[in-house]
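In: Generate coordinates for the sequence data below:
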Amino acid sequence: MSTSVEPLSHSHRGPGSTTNLALHATVINPLANPKGVKLGCELCGKPAYIQCKDCRVTFYCDKEHQSTDWRGIHQKICPMLIPLRTPITVLGSEDERIYREKQTKHRQTQLLEMAKTEAHKKLFEGQYDLAIPAALQALRFSMDVYGQDSIELVPSYLLLGEASIGLKQFAQAEDYLSLAKWAVLKAVDCENKIRSQMHRNFGLLYASQGNYQEALNQLAQDIYYSAVDKGPENILVLGGYFQLGNVLHKQGKLDQVTTVFDKVVAIWKATLKADVEVLDEAQQAEAIQMLTTIHSYRTNYMTSPTGPAEVNFVLGQLYFAYGHSERAREYAVKALEVYEAALGREHSLTIDARNFFKNVAGMQQQQLSRSQSSRNYSAGSSAGSARRRSSVMPKRE
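Out: So this is what the prediction gives:
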């Protein structure tokens, strides 16, 4: 690879990073490499002894690192790496060279966004060891697209920092966050979104180390920068609010936790009702993580059953918005049952939950009808093909 990136240390290997997946691998001998060619592990940079058998352009020091990379990001981008890492043997004309450079830049940008989304998703799912490979790929492609001194590298540094915090590799996390902070300080112009995420990661680091007051200070800065562009009621601010609630919970300030978590639920509820936001996979995973955590908190600390029911209702709305009718129905039923028992059938919340349940049932019926129509079409096409084949078969004498 043309870009040098700080490799993954073996201390990043999280529990369960090995797998029984039948990964396609070819054993290679580093001594057999052409003179001057050193193949390094995709994750740690150590001499490689294994080659991905599918793309043949990615190398690893052992099967454990291949397994981690495969589950973290490689299975999604394997074939897309081939044109980027295969040496060009024919230079071609100037026009061909310009076209090739544009295509390369387009592929790198596409892979950058894929890697960042996958790293975010793994973080929200708590799979910190698997977030590292995706974040490393994001950093590499950021360097390829924007250069090694660009402010655009900061999101990747922050992803690596957050994954390191999750793995309790605090020294490594501080290194990544220091790189991010230095890049922000050097930048002439820096988006508020990047500043917000940087302060959030420092808040996570301090909270993990037990420095709760400094964590709260950092998260307050996170919320401020998130709210500058979109306002304090936008879902972009929710990550800061949610982490603020978690820190307050660690301090035992339950009244304040309840207030913060109530705000998170209210904003998600209003956002999903308005149906104006489009969430990517990572944001959906983040929403599920937040709401599931808040549901657990309300179940443990609130005496009224309607508190957890409200979260179930919002989770149902989230799954409904993205076409997951079975999960939406599951949460709608939970919310409706509690509302009917605690508030009565004619309460406004009960009526809202009942109407939502009907919408979910309608979606399931539509999905069932489309599935049946598709099966009928496939069966009809197969029967038609069989009739056409039989009509052209020669008759036996």
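In: Model confidence score at residue 25, please.
Out: What the model reports for residue 25 is a pLDDT of 58.
In: What's the mean pLDDT across the host helix or strand of residue 140?
Out: Assessed by DSSP states H and E, residue 140 sits inside helix 128-146. Taken as a whole, helix 128-146 has an average pLDDT of 96.
In: List the buried residues of it.
Out: 128-145 (16 or more other Cβ atoms under 10 Å). (C-beta placed from N, C-alpha, C; glycine too.)
In: what does stretch 195-208 give?
Out: Of the residues in stretch 195-208, 195-207 count as buried by neighbour count, 16+ other Cβ under 10 Å.
In: Same check on stretch 268-281?
Out: Buried, per 16+ other Cβ under 10 Å, within stretch 268-281: 268, 269, 271, 272, 279.
In: Now distance to residue 83 too, for these, in CSV please.
Out: Formatted as CSV, these follow (distance: Cβ to Cβ, whole Å):
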residue, distance to residue 83
268, 41
269, 45
271, 39
272, 40
279, 31
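In: one step back: so which of the buried residues of stretch 195-208 sit within strands?
Out: Using DSSP state E, no member of those falls within strands.
In: got a list of what residue 251 touches?
Out: residue 212 (Cβ atoms under 8 Å, 6 or more residues apart in numbering).
In: Next one: it from residue 205, what distance?
Out: Shown here: residue 251 relative to residue 205, a distance of 17 Å by Cβ to Cβ, to the nearest Å.
In: residues of the strand or helix carrying residue 185 that come out buried?
Out: Following DSSP H and E, the helix or strand that holds residue 185 is helix 170-186. Buried residues in helix 170-186, counting neighbours by 16+ other Cβ under 10 Å, are found at 172, 173, 174, 175, 176, 177, 179, 180, 181, 183, 184.
In: Taking those residues together, which two end up most distant?
Out: For those, the farthest-apart pair by Cβ to Cβ is 172 and 184; their separation is 19.2 Å.
In: Got phi/psi on residue 233?
Out: With angles defined as degrees, to the nearest 10, residue 233 sits at phi -110, psi 10.
In: who's in contact with the residue nearest to the spatial centre of the chain?
Out: Closest to where the C-alpha atoms of the chain average out (Cα atoms, centre = their mean) is residue 121, at 1.7 Å. Neighbouring residues of residue 121 by Cβ under 8 Å, 6+ apart: 281, 282, 285.
In: any chance of those in a markdown table, with pLDDT, secondary structure and distance to residue 50 too?
Out: Compiled in a markdown table, the contacts of residue 121 are given as follows (pLDDT from 0 to 100; DSSP: H, G, I helix; E, B strand; the rest coil; distance: Cβ to Cβ, whole Å):
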| residue | pLDDT | secondary structure | distance to residue 50 |
| --- | --- | --- | --- |
| 281 | 83 | helix | 29 |
| 282 | 84 | helix | 30 |
| 285 | 89 | helix | 30 |
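In: Distance from the helix or strand harbouring residue 272 to the middle of the chain?
Out: Using DSSP H and E, residue 272 sits in helix 254-274. Chain-centre distance of helix 254-274: 22 Å, with Cα atoms, centre = their mean, to the nearest Å.
In: Which residues outside it are in contact with it?
Out: With Cβ under 8 Å, 6+ apart as the criterion, helix 254-274 contacts 233-235, 237-238, 241-242, 244-245, 248-249, 277, 287, 290-291, 294, 297-298, 301-302, 310-311, 313-314, 317-318, 321.
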